[in-house]
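Chemist: give me a 3D structure for the following:
(chains A and B)
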Amino acid sequence: MTTMNMVKALNSALDVMMERDPNVLTFGEDVGYFGGVFRVTEGLQARYGRERCFDTPIAEGGIVAAAIGMGAHGLRPVVEIQFADYIYPAFDQIVSEAARLRYRSAGQFNAPITIRSPYGGGIFGGQVHSQSPEGLFTHVAGLKTVVPSNPYDAKGLLISAIEDDDPVIFLEPKRLYNGPFDGHHDRAVRAWAGRAEAEVPDGYYRVPLGKAAIVRAGEAVTVLAYGTMVHVAMAAAEEAQIDAEIIDLRTLIPLDIETIEASVRRTGRCVIVHEATRTSGFGAELIALVQEHCFYHLEAPIERVTGWDTPYPHAFEWEYFPGPARVIQALRRVMGDAT
Amino acid sequence: MTDGGNDLPEPVARAPGETALPSLAGLRIPEPQARPGAAPDFSGLVLPHAGAARRPAVDDHPGLFRELAYDLIRVLDEEGTAVGPWTPALDAATLTGALTHMLMTRAYDNRMYRAQRAGKTSFYLKSTGEEAVSVGAALALETADMCFPTYRQQGLLISRGYPLVDMMCQIYSNARDPLKGRQMPVMYSSREHGFFSISGNLGTQFSQAVGWAMACAYKRENHIAAAWIGDGATAEGDFHYALTMAAVYHAPVILNIVNNQWAISSFQGIAGGLETTFAARGIGVGLPALRVDGNDLLAVYAATAWAAERARRNLGGTLIEMVTYRREGHSTSDDPSRYRPVDEPDVWPLGDPIERLKRHLVRLGVWDDARHAAAVATAEVYVKQASGQAESFGTLGSDQRPSVSSMFDDVYAEMPWHLRKQRQDLGI
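Modeler: Residues are numbered from 1 along each chain as shown, chains lettered A, B, ... in the order given. The predicted structure is shown next:
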């Protein structure tokens, strides 16, 4: 066990997999010698050589296309898209190619690739360093979408993603890289050290894709969250003193519907929290699924707390970012007279 | 001026809308030399003599032979004699084999075109006039070299011995369709035959081929990758990603541009073909760039073999423009008489690839009209027999098709719960 922040944990996952499997390699913009703008690939080029960890031209579509070709030929490339906001030039390669390759070739070819990308807000990144595009990928048949919320999960999920035979979009909440963040931007920055989730095994372990975690058990209301919003939801529940059950989804596709269903059937109430814009966001899918699976157990309308349907505004970071105050309001609304 | 330090001229007072000079602005929208009703005109295509282009050593620096991007590598002259330094050492049996594959490809195209017209499938797309591009490349490559084709390289599969019946079953989406009814007609895939699954999106696979080639090098294989793209799709970003990455990483890849003059109804000038050659796109990134007579099977073979040797010697990738002509419509869904002169295919200066190779073989004394007629007939019979067999497994819309429940397979390696539920919702 070593205390790791999320950056170190992700680096450790890559290190472990590159050590174990010579077919694992990683590349992207500034990923090689420099080790990535967030340092996730630091030291890997020195340890494994330039052919296994290298810089690429600024061509996200080319990066993903090369990964698809490599993956089809037996490698397990892990590519970094420097910010999720820059992933759109690769959208065609992800949606039309990686996602459908196994299907359209009737299993002759597949793309066992992992596309890592820092995502989400809370760092004053403005429109092009703050977006949460997960809903664009969960809408696509053939992709898996993963969002870790802490160092332990980040390492275990990334190892699972690399070993997975399907293309995985692995979104790393950049505001969580160096410490947990509960949305209280006016308070002191916290570090991961001292928290149980930051105690990370040095070697190989997996956190399975498709399995959610109940990070806070409760009876009054179920909160569905992922990434940074897990921490915001935790703060909201504590501050409002509501006995919320908070589920960290960890993987959006495939989704752990069993854990969600069991919880909402017990609590009868549900609040969904995500940073991404609201309309057609993944929260809409979650609401649909919860009402399909739990309608007769619901005692209040399902609430969702999300980013607003605007581009991510630089000056209005904290009005945009769904912080604990908005989550508390939603919790109180669904609790109604029950609180 | 207030502080005297900035002597800007005073603005000239003008009436609203008034400008100092008449504007010279305006867009140039390229137009082909001839549209329907006009006489076809290929006078803009410069035709160097066969044998005139020099053949650099494969380890020459690409900067030493940039002129080959503007030239036209040709081996067969007007009389059908192979001339010049690019003349390959191919024996008569190999050449007649290549001719047979071209004839088979043409017979197959004709048959499947008619099958579409007869309502047996939804769509078909011929490669008539471009057979040498695929058959010549297949001759120069090894089956373990992965090809990333467009939808007009059926000649690769035929050359590599992929069964015609399997190709047809794909076209018919029938019970024996190797792709289980999931892809539009002609989007074949056969890993075993080194033929990568055709996407149907344009350009996307050009850059994937570079990734495959990088994996070949990474794994210390001697295999390489080859890719094809149309003149029209060279404008896509994927084309430029492929060139840049192939050049940067010295990927062992052959990047072919099939300049068949037309992208559905848009002539090659709309993709930038009037400004410079398509091969010249390679010069800017430092790739060796060859411009080749794509209707000359010997030239296609020679250029591909040159690029393959270069790649296998770890000297990097090559960009090749194959200059050819799309004799038919883009597909069964368009009528070329609506956008180009109907007699344009007949005056295409590089002629017909089958006729040109035939003339060469006759000149070598190993072929004649009778043998040619027999070979054409044999190909047609072979295709007809395959067609009968394929149709016995069903045509599009018949009851004989892959099991509907397989529709949910292969989306993921393991079916997740939501797809299992959707399959149940469908009642299967």
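
Chemist: look through chain A and tell me its longest helix.
Modeler: helix A:6-20 (DSSP state H).

Chemist: for that one, packing partners?
Modeler: strand A:24-28, helix A:44-48, strand A:76-80, helix A:151-163, strand A:199-200 (3 or more CB pairs under 8 Å, 6 or more residues apart in numbering or on different chains; DSSP states H and E). Where C-beta positions appear, they are placed from N, C-alpha and C, glycine not excepted.

Chemist: run the angle between the fourth one and strand A:24-28 for me.
Modeler: If I follow you right, that is helix A:151-163. 110 degrees (axes from the mean of the first three to the mean of the last three CA atoms, to 10 degrees).

Chemist: and helix A:151-163 with chain B, contact?
Modeler: No - counting by CB under 8 Å from any CB of the partner chain, chain B has no neighbours in helix A:151-163; the shortest distance is 11.0 Å.

Chemist: next: the second one.
Modeler: No - residues of helix A:44-48 contacting chain B under CB under 8 Å from any CB: none, with a closest distance of 12.0 Å.

Chemist: quick one, helices of the chain?
Modeler: I went with chain A, as the question did not name one. A:6-20, A:44-48, A:60-72, A:91-92, A:101-104, A:134-138, A:151-163, A:228-240, A:257-267, A:282-294, A:317-320, A:324-335.

Chemist: oops, chain B please
Modeler: Going by DSSP H, chain B shows helices at B:92-117, B:131-140, B:154-159, B:164-172, B:204-218, B:237-249, B:297-312, B:344-347, B:353-364, B:369-392, B:417-425.

Chemist: export those to a markdown table and append columns for mean pLDDT, distance to chain A and mean neighbour count.
Modeler: Formatted as a markdown table, those follow (pLDDT from 0 to 100; distance: least, CB to the nearest CB, whole Å; neighbours: other CB atoms under 10 Å in any protein chain shown):
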| stretch | mean pLDDT | distance to chain A | mean neighbour count |
| --- | --- | --- | --- |
| helix B:92-117 | 98 | 20 | 20 |
| helix B:131-140 | 98 | 18 | 29 |
| helix B:154-159 | 98 | 13 | 26 |
| helix B:164-172 | 98 | 10 | 24 |
| helix B:204-218 | 98 | 3 | 29 |
| helix B:237-249 | 98 | 3 | 25 |
| helix B:297-312 | 98 | 15 | 25 |
| helix B:344-347 | 96 | 32 | 16 |
| helix B:353-364 | 98 | 29 | 20 |
| helix B:369-392 | 98 | 17 | 15 |
| helix B:417-425 | 97 | 6 | 13 |
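
Chemist: mind checking which of the ones you listed is nearest B:Q183?
Modeler: Closest approach to B:Q183 among those (CB to CB): helix B:164-172, 7.1 Å.

Chemist: show residues contacting that closest one.
Modeler: Residues outside helix B:164-172 that contact it (CB atoms under 8 Å, 6 or more residues apart in numbering or on different chains) are B:104, B:108, B:112, B:115, B:120-121, B:124, B:154, B:157-158, B:175-179, B:183, B:185-188, B:190, B:382-383, B:386-387, B:389-391, B:393-396.

Chemist: 7 Å - rerun?
Modeler: B:108, B:112, B:120-121, B:124, B:157, B:176-179, B:185-186, B:188, B:383, B:386-387, B:389-390, B:393-396 (CB atoms under 7 Å, 6 or more residues apart in numbering or on different chains).

Chemist: how far does the longest helix of chain A sit from the chain's center?
Modeler: From the chain centre to the centre of helix A:6-20 is a distance of 17 Å (CA atoms, centre = their mean, to the nearest Å).

Chemist: repeat for stretch B:236-245
Modeler: Put simply, stretch B:236-245 sits 16 Å off its chain's centre (CA atoms, centre = their mean).

Chemist: ditto for stretch B:373-385
Modeler: Per CA atoms, centre = their mean, the centroid offset for stretch B:373-385 relative to its chain is 25 Å.

Chemist: do stretch B:72-86 as well
Modeler: 22 Å.

Chemist: and that stretch, which residues are buried?
Modeler: Residues of stretch B:72-86 classed as buried: B:72-77, B:80, B:82-84, B:86 (neighbour count, 16 or more other CB atoms under 10 Å in any protein chain shown).

Chemist: what does stretch A:39-46 give?
Modeler: Result for stretch A:39-46 [16+ other CB under 10 Å]: buried residues A:40-42, A:44-45.

Chemist: how about stretch B:38-53?
Modeler: B:40, B:50-51, B:53.

Chemist: residues in contact with A:A235?
Modeler: So A:A235 contacts A:182-184, A:324 (CB under 7 Å, 6+ apart).

Chemist: swap in B:P56?
Modeler: By CB under 7 Å, 6+ apart, the residues touching B:P56 are B:64-65.

Chemist: give me the distance between it and chain A.
Modeler: According to CB to the nearest CB, to the nearest Å, B:P56 and chain A sit 27 Å apart.

Chemist: can you report phi and psi for that residue?
Modeler: phi -70, psi 160 (degrees, to the nearest 10).

Chemist: separation between B:R55 and chain A?
Modeler: For B:R55, the distance to chain A - CB to the nearest CB - is 30 Å.

Chemist: close to chain B: what parts of the stretch 201-339 of chain A are there?
Modeler: Residues of the stretch 201-339 of chain A that fall close to chain B, judged by CB under 7 Å from any CB of the partner chain: A:210, A:254, A:257.

Chemist: show the model's pLDDT score for the last one.
Modeler: The per-residue pLDDT reported for A:I257 equals 98.

Chemist: next up, the contacts around it.
Modeler: A:289, A:293, B:417.

Chemist: okay if I get those as a markdown table plus distance to B:R28?
Modeler: What follows is the contacts of A:I257, written out as a markdown table (distance: CB to CB, whole Å):
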| residue | distance to B:R28 |
| --- | --- |
| A:L289 | 54 |
| A:H293 | 60 |
| B:W417 | 57 |
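
Chemist: show me which of those residues is closest to A:Y103.
Modeler: Distances from A:Y103 to the contacts of A:I257, taken by CB to CB, are shortest for B:W417, at 18.0 Å.
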